[in-house]
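In: Quick one: sequence plus predicted model below, questions after.
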Amino acid sequence: MRFQTPLQPARLIRRYKRFLADITLEADGRHVTAHCANPGSMMGLAEPGCRIWVEPNDDPKKKLKYGWRLVDHENGHFTGVDTSLPNRALKEVITAGGIPELAVYQTVKPEQKYGENSRIDFLLQQDGLADAYVEVKSMTLSRQLGLAEFPDSVTARGAKHLGELAQMAEAGHRAVLFYLVQRTDCARVCVAADIDPTYAAAYAHARAAGVEVLAYGTTITPDGIEIAGRLEVD
């Protein structure tokens, strides 16, 4: 999935109020405020002075004219920080049959109501098969070389989703937790139990109930983000 507008390099001054980031554009040195589409802690990704890539826009309805999309680790690797992008990229790939484990489903319905006032990211359907409920989580945390972790902060919502996936599996449906690693420097994934023990317990319960776990990597450049190969789940 290519970015709609060519990205521009910048330097981060500070991230604050979760969704705001003051930045310095490399092209002309201007200081502007960019939208940060990431509600997580962004541990290790929001250090002042780090190189980032932002997407400009000329939409009169948008107050902020730049959106923060990437962290440039300046060693050939990138991390995607926009948590809205994985679902958009993944929808294209699932619809095209690009995820082998899910390729048998012909109908892909995003954002379907289920559980207790929740929405599943994707409901997959195919005649003769049990419905598949797919919950997508974006992974950006890495504290150990080559290892991506989730979550990067306490997430009651994430634990709730795991409980609802477990209920779907116990009811005879197919339930899939899909970790999409928005980093190009990781080959394995795991749960960050020290950050959120409650989430880790919900994860263990979901696995025992029959919830499948898939993890896929991404290829990221300032041009766009593409789904890459399957990763090992620790």
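Out: Looks like it came in fine. This structure is a prediction, so every number in the text was calculated from the model and none was measured.

In: C-alpha only now, for contacts and for neighbours.
Out: Noted.

In: Would you indicate which residues of stretch 226-234 are buried?
Out: By neighbour count with 16 or more other C-alpha atoms under 10 Å, stretch 226-234 contains the buried residues 226, 227, 228, 230, 231, 233.

In: try stretch 74-84
Out: Within stretch 74-84, the residues that count as buried by 16+ other C-alpha under 10 Å are 78, 79, 80, 81, 82, 83.

In: what about the helix or strand hosting residue 160, average pLDDT?
Out: Using DSSP states H and E, residue 160 sits in helix 156-170. Helix 156-170 shows a mean pLDDT of 96.

In: Please apply the same query to stretch 61-72.
Out: Mean predicted confidence for stretch 61-72 is 95.

In: Give me the residues contacting it.
Out: Identification of contacts with stretch 61-72 by C-alpha atoms under 8 Å, 6 or more residues apart in numbering yields 21, 33-37, 45, 50-59, 78-82, 222.

In: Can you give me the end-to-end span of that stretch?
Out: Stretch 61-72 has an end-to-end distance of 29 Å (C-alpha to C-alpha, to the nearest Å).

In: how far is it from where the chain is centred?
Out: Here stretch 61-72 is found 17 Å from its chain centre; the criterion is C-alpha atoms, centre = their mean, to the nearest Å.

In: What is the helix holding residue 160 packed up against?
Out: Secondary-structure packing of helix 156-170 (3 or more C-alpha pairs under 8 Å, 6 or more residues apart in numbering; DSSP states H and E): strand 132-139, strand 174-181, helix 197-209.

In: so what's the most centrally placed residue in the chain up against?
Out: The centroid of the chain falls nearest to residue 138 when counting by C-alpha atoms, centre = their mean (2.0 Å). Neighbour list for residue 138: 83, 86, 179, 180, 181, 182 [criterion: C-alpha under 8 Å, 6+ apart].

In: quick one on the thing from earlier: can you flag the buried ones in the contacts of stretch 61-72?
Out: For the contacts of stretch 61-72, buried by 16+ other C-alpha under 10 Å: 21, 33-37, 45, 50-56, 78-82, 222.

In: Let's test this: name the helix or strand in the chain with the lowest mean pLDDT.
Out: Least confident helix or strand, the chain: helix 85-95 with a mean of 91, by mean pLDDT, DSSP states H and E.

In: Please name every helix or strand in contact with it.
Out: Under the contact rule (3+ C-alpha pairs under 8 Å, 6+ apart), helix 85-95 is packed against strand 107-114, strand 132-139, strand 224-230.

In: hang on, the earlier thing: show only the entries of the contacts of stretch 61-72 found in strands.
Out: Counting by DSSP state E, the part of the contacts of stretch 61-72 found in strands is 21, 33-36, 51-56, 78-80.
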